[in-house]
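> what's the 3D shape of this:
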Amino acid sequence: MTSKSIVSTSGAPAAIGPYSQAVQVGNMVYTSGQIGLNPSTGELVGPSTAEQARQAFNNLKAVAEKAGGGLASVVKFTLFLTDLSEFAEVNAIMQEFVPQPYPARSTVGVASLPKGARFEVEAILVI
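Prediction:
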């Protein structure tokens, strides 16, 4: 097996449990979920899904860049929303961060997320 390395950056919130921000194996990077936490304070950036989604994508971008890639390196996103009626709003925000051609994506409606977040994103990258 190819050895794995841990990806960690202060540009994204520290893990709030027994996990890493991302794990790299060869040219594949698997990220943990990112919610809209301010990396400095560890608190949600605001109450709205839009605010939290932008921050979550910024956090994910920081992790991807630390791994040597970027959001253009993502081949698969998984999005988690506590309110699927905000799906179109999150789509528009994702387009602000992710260039075409777009990666594969799944979106899941969930009852709740850590710290009362309204949005979470995780990704698989090839770098």
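
> tally of neighbours for Arg105?
For Arg105, the tally of surrounding residues (other C-beta atoms under 10 Å) stands at 15. C-beta: built from backbone N, CA, C; applies to glycine.

> which residue is the nearest non-sequential neighbour of it?
The shortest distance from Arg105 to any non-neighbouring residue, by C-beta to C-beta, 6 or more residues apart in numbering, is to Phe77 (4.4 Å).

> quick one: the one you found is in a strand?
Yes. Secondary structure of Phe77 (DSSP: H, G, I helix; E, B strand; the rest coil): part of a strand.

> show me what it is bridged to.
Counting by DSSP bridges, Phe77 forms beta bridges with Arg105, Ala123.

> OK, contacts around it?
Residues near Phe77 by C-beta atoms under 8 Å, 6 or more residues apart in numbering: 94, 98, 103-106, 121-123.

> where's Val121, which helix or strand?
Using DSSP states H and E, Val121 maps to strand 119-126.

> only C-alpha atoms, please: export the longest helix belonging to the chain in PDB.
In the chain, assigned by DSSP state H, the helix with the most residues is helix 49-66. C-alpha atoms of helix 49-66 as PDB (Å, rounded to 0.1, in the frame of the first residue of the first chain):
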ATOM      1  CA  THR A  49     -26.600  29.000   4.800                       C
ATOM      2  CA  ALA A  50     -25.000  31.400   2.200                       C
ATOM      3  CA  GLU A  51     -22.400  32.700   4.800                       C
ATOM      4  CA  GLN A  52     -21.700  29.300   6.000                       C
ATOM      5  CA  ALA A  53     -21.300  27.700   2.600                       C
ATOM      6  CA  ARG A  54     -18.900  30.400   1.400                       C
ATOM      7  CA  GLN A  55     -16.800  29.900   4.500                       C
ATOM      8  CA  ALA A  56     -16.900  26.100   4.200                       C
ATOM      9  CA  PHE A  57     -15.700  26.400   0.600                       C
ATOM     10  CA  ASN A  58     -12.900  28.700   1.700                       C
ATOM     11  CA  ASN A  59     -11.900  26.300   4.400                       C
ATOM     12  CA  LEU A  60     -11.900  23.400   1.900                       C
ATOM     13  CA  LYS A  61      -9.900  25.500  -0.600                       C
ATOM     14  CA  ALA A  62      -7.200  26.000   2.200                       C
ATOM     15  CA  VAL A  63      -7.000  22.300   2.800                       C
ATOM     16  CA  ALA A  64      -6.800  21.500  -0.900                       C
ATOM     17  CA  GLU A  65      -4.100  24.100  -1.500                       C
ATOM     18  CA  LYS A  66      -2.100  22.700   1.500                       C
END
